[in-house]
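Undergrad: next one to model:
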Amino acid sequence: MEELNSRGEYREVSGGQQGKYAFRSLCALVMTILATGSFFRVWYRFVVVHNQTGHLTGYGNMIMAAGIYIVLFIVMGRYLHAFKVGVERMANVIASVVLTLLVVDFLEVFISLAITGQYKFFWAFFGRYVLLWLVQSVVIALVSVLGVLLYRKKFPPLQVLEIYGKYRNNLYQKINSVPYKYHVAKLLSIKATEEELQKEIEVFDAVLINDLSAKEENRILKICFNLNKRVYLVPKIPDVLVNSAEQLNLFDTPLFLMRNSGINGWQRFMKRFFDILFSGIALVILSPFLLLTALAIKIEDHGPVFYRQERVTFGGKHFMILKFRSMIVDAEKDGKPHPAGEKDDRITRVGRVIRACRVDELPQLINILRGDMSIVGPRPERYEHVEKYTKEIPEFSFREKVKGGLTGYAQVYGKYNTTALDKLKLDLIYITNYSLLLDLQIIFETVKILFQKESTEGFTEERAAEMHDSSDEDEKDREEVR
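TA: Predicted structure coming up:
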């Protein structure tokens, strides 16, 4: 296939992108067939035995239920990114697949029973439902893993041109850390001539916009749109906010509506209900494990089991967060915050273990039950850090539109030492796109953190010092916000 470039010349266009779309569609089709087939095999065998009236096994009901399942699976899978094979990280795809199956299976059981009014069969089927979900999750997760591996083998990484502005940073290194997907092959300054920009952009598969002014960014976006080139860019805070806007078509001028109301009353009620439910159940189930952890901490140095620290949550309210103590007693005896480094000798032997698998965070289930925190939300920061970050980035207070959480969007997609500005952007994505399904997705994806070293790594000595003192990077952060 050929396309006409800006100089009126035809050049070959790789069919690789169309091939990627076709491959992902095939993976989605296979997942849908496996999910639908396995559900109805179990469901049909169950109702043949238990249904005495024949209502549930009628051909019309079964065909209708199958059609509904397929539609639900496709819609929910697309919403939760379960079909993003080769696009999202493998762990994210697996978490999305598991959550999609959980929601769709649950809804389909109720819908199938609603069609006939046979609700009495729900609890009889519940055990089979749980087992079915587990088997489906394993099988389809394996299919998605195989799909990701085949995708990476078949499709080479995109060759990317980075166009940078006034400040140089390590963004290209982050992009290149996903070598099966991207390769930043060249860096080009925005100071290049228009002709050079056009010529270089045409050569590459995609363009990475790195820290350009609004005017410069708009110019590059228009060039890339004209040349049919995909663009990757780091959003500024206003970009994140506008991304959640609703499109209105009331007259002949495009209009975006940004409600800026945060989470509404009904969502807050449901969120609080599930916080109480989940934290209560978790505390009961994990109580033996929590007791063993407390004993191990006490036996090692005979110090206190819990560590209390003042944090900031919804509306700027202060509260005392609970954690298992993982450092020596009086680790901050001078009263000043000292973030833990990668090889901090203040961390105890038990502390290294519980920090590595995030067990030290579990006492916060008590904070959640008391209403100080939520299961999912922006990580509640120390008030000293909030004051410091808010002076540097006034928009940092936007995170206080919701309660702080045990896990959150920034915890799933970021790292322990992610910069304050990037944490803010990630948390704003969560706040402006909130839904209970998003909460469930984050909870499922949190499991993968236990197996990723980079998400729990401590601060380097330089980064720890930056947390304690101001640095030259503050001006860059303020400039990026502007």
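Undergrad: so what's Leu436 closest to, chain neighbours aside?
TA: Excluding its sequence neighbours, the residue lying closest to Leu436 (CB to CB, 6 or more residues apart in numbering) is Met270, at 6.0 Å. In this view, the C-beta of every residue, glycine as well, is placed from N, C-alpha and C.
Undergrad: so which residues of the stretch 101-250 of the chain form helices?
TA: Along the stretch 101-250 of the chain, counting by DSSP state H, counting those that start in this stretch, helices occupy 122-154, 171-176, 194-203, 214-226, 237-242.
Undergrad: for the last one, buried residues please.
TA: Spelled out, it's helix 237-242. Buried residues in helix 237-242, counted by 16 or more other CB atoms under 10 Å: Ile237, Val240, Leu241.
Undergrad: can you give me the pLDDT of the second one?
TA: To tie it back to what came earlier, the one meant is Val240. With respect to pLDDT, Val240 scores 91.
Undergrad: and it, how far is that from Val234?
TA: Going from Val240 to Val234 by CB to CB, to the nearest Å gives 10 Å.
Undergrad: the strands in the stretch 301-450 of the chain, which residues?
TA: 306-312, 318-324, 374-376, 405-407 (DSSP state E, counting those that start in this stretch).
Undergrad: so the residue nearest to Leu436 makes contact with Tyr434?
TA: No: counting by CB atoms under 8 Å, Met270 does not reach Tyr434; the two are 10.9 Å apart.
Undergrad: more neighbours: these two, which one.
TA: Neighbours were tallied for Met270 and for Tyr434 using other CB atoms under 10 Å; the higher tally belongs to Tyr434 (21 against 13).
Undergrad: show me the contacts for that one.
TA: Tyr434 makes contact with Gly262, Ile263, Gln267, Val402 under the criterion CB atoms under 8 Å, 6 or more residues apart in numbering.
Undergrad: and what of Lys298?
TA: Val305.
Undergrad: that one sits in which helix or strand?
TA: Taking DSSP states H and E as the definition, one finds Lys298 inside helix 265-301.
Undergrad: and the angle from that helix to strand 318-324?
TA: If you take axes from the mean of the first three to the mean of the last three CA atoms, to 10 degrees, helix 265-301 sits at 50 degrees to strand 318-324.
Undergrad: report the buried residues of helix 265-301.
TA: Neighbour counts over helix 265-301 (16+ other CB under 10 Å) mark Lys271, Phe274, Asp275, Phe278, Ser279, Ala282, Leu283, Leu290, Thr293, Ala296, Ile297 as buried.
Undergrad: ok, and the closest non-adjacent residue to Ile347?
TA: What sits nearest to Ile347 in space, not counting adjacent residues and going by CB to CB, 6+ apart, is Met327, at 5.4 Å.
Undergrad: pretty sure the one you found sits against Arg346.
TA: Yes: using CB under 8 Å, Met327 is in contact with Arg346, at 4.6 Å.
Undergrad: neighbour count: these two, which is higher?
TA: More crowded of Met327 and Arg346, by other CB under 10 Å: Met327, with 20 against 15.
Undergrad: how about the helices in the stretch 351-482 of the chain?
TA: For the stretch 351-482 of the chain, the helices defined by DSSP H, counting those that start in this stretch occupy 364-370, 383-392, 409-413, 420-432, 436-446, 461-468, 473-481.
Undergrad: now the angle from the longest one to helix 383-392?
TA: Using the same axes, to 10 degrees, the direction of helix 420-432 lies 90 degrees away from that of helix 383-392.
Undergrad: how far out from the middle of the chain is helix 420-432?
TA: 11 Å (CA atoms, centre = their mean, to the nearest Å).
Undergrad: likewise for the second one?
TA: Here helix 383-392 is found 25 Å from its chain centre; the criterion is CA atoms, centre = their mean.
Undergrad: the inter-axis angle of that helix versus strand 306-312?
TA: Using the same axes, to 10 degrees: helix 383-392 against strand 306-312 is 30 degrees.
Undergrad: please point out which parts of helix 383-392 sit buried.
TA: By 16+ other CB under 10 Å, the buried positions in helix 383-392 come out as His385, Val386, Lys388, Tyr389, Thr390, Glu392.
Undergrad: what helices and strands are in contact with it?
TA: strand 306-312, helix 420-432, helix 473-481 (3 or more CB pairs under 8 Å, 6 or more residues apart in numbering; DSSP states H and E).
Undergrad: using PDB, write out every CA atom in that helix.
TA: The C-alpha trace of helix 383-392 is given here as PDB (Å, rounded to 0.1, in the frame of the first residue of the first chain):
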ATOM      1  CA  TYR A 383       1.700  16.800  55.900                       C
ATOM      2  CA  GLU A 384       5.300  18.100  55.500                       C
ATOM      3  CA  HIS A 385       5.500  16.700  52.000                       C
ATOM      4  CA  VAL A 386       2.000  18.200  51.200                       C
ATOM      5  CA  GLU A 387       3.200  21.600  52.300                       C
ATOM      6  CA  LYS A 388       6.400  21.400  50.300                       C
ATOM      7  CA  TYR A 389       4.800  20.000  47.200                       C
ATOM      8  CA  THR A 390       1.900  22.500  47.300                       C
ATOM      9  CA  LYS A 391       4.400  25.400  47.400                       C
ATOM     10  CA  GLU A 392       6.100  24.000  44.300                       C
END
